[in-house]
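Chemist: Below is the structure, and that's it, no one-letter string:
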Ligand SMILES: Cc1cc2nc3c(=O)[nH]c(=O)nc-3n(C[C@H](O)[C@H](O)[C@H](O)COP(=O)(O)OP(=O)(O)OC[C@H]3O[C@@H](n4cnc5c(N)ncnc54)[C@H](O)[C@@H]3O)c2cc1C
């Protein structure tokens, strides 16, 4: 029997790896693909519903995005909405909630009013809400004991669009759809930790506990571990990884939809927000915090050693950290986020932040959510000595790609998968069914 050589091997069964498997299976003539996942199921790490904010980022209420970035994110998110349109289990994957970003105080209100003028051309359903209108949708954001809160408030809101996703269910559906494509060999192998990838004479050898998998091309979508595997092969050595964990807190149900706050533009991480948890009815979830943490995977102590390997500490990494710490807003924010993890203190401190969203919340209402939260693998570009914000890709041009996907990586999973699909199809000399993609995903 000849040993199987796959056309594509994908490492990582999160929402990004499964999105790529779906794109390759459905929209190319590549007909044998294997996905290797180290755990016994899909989406157990950052794509799990407990570990991210479940937001379909569309760019309309994220005040840290420029109009250009917001337009790109909008198109990427639309692919997810379009993909789910014909799925029988759509109601378990994607959800409609009102969403808004609130400005509190004159400065933030002025900022949102100005933003509305430039963003409404791209986001036709964006509305500018005054205090009374906000109170109709989210009474707890505006009212304290039946009275209006004293500060000026406005909101930018989108009230009737899909705004939340269970990215775990989305990953499951990608895998299901890919495996129903007829006449193709699409496999998922669980409990297959890829320890090393070797490249020899035009083939890649992926070493797992269950044996070595051979493939003509490889895409690694393994979060921070993508960088580890890249660096083992001598790629991406000019990057270091700064893992930023996010924790969450629960309160009783105080919000009807997603309520974001205005981003401090000196801070590289999203401001705290509150929203319904699609997996925990009757509660509101607040977060995420942003804690620099020495682990590539939350709650996996083994990943401390992996972190040390990808940190590649040198003077350039220290310079980036030093530059971050020099900005007082960032320094205070980093310290505050450390304190958010200190039992006893954390609820009290966090309460101060979430009262910006719901001013009547009391200490007894706020509960730390143990076991919730993931890690954003933020990269440090050592050559340019900067902390990179969005997704990063390493493409040495030899038929292997490595993806590192912090937020909004889950919302952009299909867009990123389309990019990878084009690169891999091109490398293998295979065809992409572009007309079908345009018809199904870019309506
Ligand atoms: C606190 C927080 C909030 C977030 N909120 C949002 C949000 O609201 N909206 C949004 O769009 N994005 C959000 N994100 C980002 C989003 O979660 C990620 O972009 C997305 O889940 C990344 O998907 P992935 O498939 O690349 O990675 P993951 O979901 O982490 O999957 C990687 C997979 O690779 C596997 N793996 C790792 N190493 C190996 C190996 N050596 N061999 C085999 N398998 C391996 C892992 O087990 C895992 O299954 C958030 C992230 C965090 C941390």
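Modeler: Arrived safely. What you see is a predicted model; the values in this text were computed from it and never measured. Residues are numbered from 1 along each chain as shown.

Chemist: what number of residues lie near the residue of the stretch 1-150 of the chain found nearest the ligand?
Modeler: The nearest approach of the stretch 1-150 of the chain to the ligand comes at residue 14, 2.2 Å away (C-beta to the nearest ligand atom). In short, each C-beta sits where N, CA and C put it, glycine included. Under the neighbour criterion other C-beta atoms under 10 Å, residue 14 is assigned a count of 27.

Chemist: you'd agree it is up against residue 46?
Modeler: Yes. Distance between residue 14 and residue 46: 6.2 Å, which falls inside the contact criterion (C-beta atoms under 8 Å).

Chemist: so what sits against both of the two?
Modeler: Contact criterion C-beta atoms under 8 Å, 6 or more residues apart in numbering; residues shared by residue 14 and residue 46: residue 223.

Chemist: Need the pLDDT of the residue of the stretch 1-150 of the chain closest to the ligand.
Modeler: According to the model's per-residue confidence, residue 14 sits at a pLDDT of 98.

Chemist: Kindly report the same for the one 10 residues further on.
Modeler: Confidence per residue is given as pLDDT, and for residue 24 that number is 98.

Chemist: and the gap between it and residue 184?
Modeler: Distance check for residue 24 against residue 184: by C-beta to C-beta, to the nearest Å, it reads 9 Å.

Chemist: Looking at these two now, which is surrounded by more residues?
Modeler: residue 24 (31 against 18).

Chemist: Name all residues that make contact with the residue in the stretch 101-250 of the chain positioned nearest to the ligand.
Modeler: Closest residue of the stretch 101-250 of the chain to the ligand, C-beta to the nearest ligand atom: residue 246 (2.6 Å). For residue 246, the residues meeting the contact criterion (C-beta under 8 Å, 6+ apart) are 52, 53, 287, 288, 289, 290, 291, 373, 374, 375, 376.

Chemist: mind checking the SS state of the first one?
Modeler: If I follow you right, that is residue 52. With DSSP: H, G, I helix; E, B strand; the rest coil as the basis, the three-state label of residue 52 is coil.

Chemist: Kindly give a single PyMOL line that selects the buried subset of the contacts of residue 246.
Modeler: What follows is the PyMOL syntax for the buried subset of these, where burial is set by 16 or more other C-beta atoms under 10 Å:
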select buried, resi 52+53+287+288+289+290+291+373+374+375+376
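
Chemist: and the ligand, which of the contacts of residue 246 contact it?
Modeler: Cross-checking these against the ligand (C-beta under 6 Å from any ligand atom) gives 52, 53, 288, 373, 374, 375, 376 as the overlapping residues.

Chemist: Could you verify my assumption that the fourth one touches residue 287?
Modeler: When you say that, I think you mean residue 373. Yes. With contact defined as C-beta under 8 Å, residue 373 and residue 287 form a contacting pair (7.2 Å).

Chemist: Between residue 24 and residue 184, which contacts overlap?
Modeler: Overlap of the contact sets of residue 24 and residue 184 (by C-beta under 8 Å, 6+ apart) consists of residue 33.

Chemist: what helices or strands is the helix or strand containing residue 323 leaning on?
Modeler: Secondary structure assignment for residue 323, by DSSP states H and E: helix 315-326. In this structure, helix 315-326 makes packing contacts with helix 328-339, strand 375-381, strand 386-387, judged by 3 or more C-beta pairs under 8 Å, 6 or more residues apart in numbering; DSSP states H and E.

Chemist: circling back: anything in contact with each of residue 373 and residue 287?
Modeler: 246, 247, 248.

Chemist: What lies in contact with the top strand by length along the chain?
Modeler: Ranked by number of residues, the top strand in the chain under DSSP state E is strand 211-220. Contact partners of strand 211-220, identified using C-beta under 8 Å, 6+ apart, comprise 3-12, 17, 20, 34, 36, 189, 192, 194, 197, 202-206, 226, 229-230, 399-403, 420, 424, 427-428.

Chemist: Now with 6 Å, please.
Modeler: Outside strand 211-220, the residues that touch it by C-beta atoms under 6 Å, 6 or more residues apart in numbering are 5-11, 20, 203-206, 226, 229, 399-402, 420, 424, 427-428.

Chemist: immediately after that strand, which helix or strand?
Modeler: helix 224-232.

Chemist: Residue 380 contacts residue 319, correct?
Modeler: No. Using C-beta atoms under 6 Å, residue 380 is not in contact with residue 319; the gap is 9.5 Å.

Chemist: higher neighbour count, the two?
Modeler: Taking residue 380 and residue 319 together and counting by other C-beta under 10 Å, residue 380 has the greater number of neighbours (22 against 14).

Chemist: Just give me the neighbour total for the closest residue to the more buried one other than its chain neighbours.
Modeler: What sits nearest to residue 380 in space, not counting adjacent residues and going by C-beta to C-beta, 6 or more residues apart in numbering, is residue 240, at 4.2 Å. Burial of residue 240 is recorded as 23 neighbouring residues (other C-beta under 10 Å).

Chemist: pLDDT score for residue 240?
Modeler: As summarised for this prediction, residue 240 has a pLDDT of 91.

Chemist: which ones are touching it?
Modeler: Contacts of residue 240 were listed using C-beta under 6 Å, 6+ apart, and they are 311, 312, 317, 380, 382.
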